[in-house]
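> need the 3D shape of this:
(2 chains)
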Amino acid sequence: AQSVTQLDSQVPVFEEAPVELRCNYSSSVSVYLFWYVQYPNQGLQLLLKYLSGSTLVKGINGFEAEFNKSQTSFHLRKPSVHISDTAEYFCAVSLKSSGDKLTFGTGTRLAVRP
Amino acid sequence: GAVVSQHPSRVICKSGTSVKIECRSLDFQATTMFWYRQFPKKSLMLMATSNEGSKATYEQGVEKDKFLINHASLTLSTLTVTSAHPEDSSFYICSARAGFAEQYFGPGTRLTVT
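Numbers count the residues shown, from 1 in each chain, chains lettered A, B, ... in the order given. A predicted model of the protein is given here:
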């Protein structure tokens, strides 16, 4: 079975600083990878996804992520964060064989300070 | 982008009563919808996969007689929590499949059982 690890439960950062949110996954078969953002009391919004092709994926709101197969990682980065980026971020995987069922990490709370 | 709505956004009910939550895809048809449960400061747990016109597929450990799912049309899936108890209090989120390996999430429903 696949699993997702987000080691950092909370990442505090100052406004306009760069940030990296870490995600590692474990799977014996090929996977698709996703990052979602959740604002308080709301559902999830897709930031970006990796299905195939270029390992560097650009998403909305200036975020990007890089798929590293050898390290089984899919870290999320942003060069300069805003206060409005404060939210919960979830990494998720789905199996290429099914493509549907998502397995989520435990989430990372990004707290941007002025 | 695709929009998914949920109703109600918040509901408080008494122990022993049943509660129905609706999930609608507003601008697209979804043959497959998913129901998740999110505990405080925890990740999303997939409860079941809802397929239009057929029985839902429940994840291991989820009681199908307690969490009734109906997917009567291509734009509507409902989750009914029967004989609710305080331990059923949670944030319930639905998603709808829109395209290959992509899900759009609803805003969630906060259920509080007193």
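> and the strands in chain A, which stretches?
Per DSSP state E, chain A carries strands over the ranges A:3-5, A:10-14, A:19-21, A:24-26, A:31-38, A:44-50, A:56-58, A:64-68, A:73-78, A:87-95, A:103-104, A:108-113.
> give the contact list for the nearest residue to A:Y36 once chain neighbours are set aside.
Counting by CB to CB, 6 or more residues apart in numbering or on different chains, A:Y36 lies nearest to A:L44, which is 4.1 Å off, once chain neighbours are set aside. C-beta here means a position set from N, CA and C on the backbone, and glycine is covered the same way. Going by CB atoms under 8 Å, 6 or more residues apart in numbering or on different chains, A:L44 touches A:36-38, A:90, B:44, B:93, B:95, B:105.
> go on, A:S26?
For A:S26, the contacting residues are A:2-5, A:72, by CB under 8 Å, 6+ apart.
> now with 7 Å?
If you count contacts by CB atoms under 7 Å, 6 or more residues apart in numbering or on different chains, A:S26 has them with A:2-3, A:72.
> quick one: least confident of those residues?
Lowest pLDDT among those: A:Q2, with 84.
> and it, how many neighbours?
16 (other CB atoms under 10 Å in any protein chain shown).
> ok, and the closest non-adjacent residue to it?
Here the residue nearest A:Q2, using CB to CB, 6+ apart, is A:S27, at 3.9 Å.
> give me the pLDDT value at the one you found.
87.
> hang on, it packs against A:A1?
No. Between A:S27 and A:A1 there is no contact under CB atoms under 7 Å: 8.1 Å.
> and those two? Which one has more around it.
A count of neighbours by other CB under 10 Å puts A:S27 above the other of A:S27 and A:A1, at 16 against 7.
> distance of the more buried one relative to A:V57?
18 Å (CB to CB, to the nearest Å).
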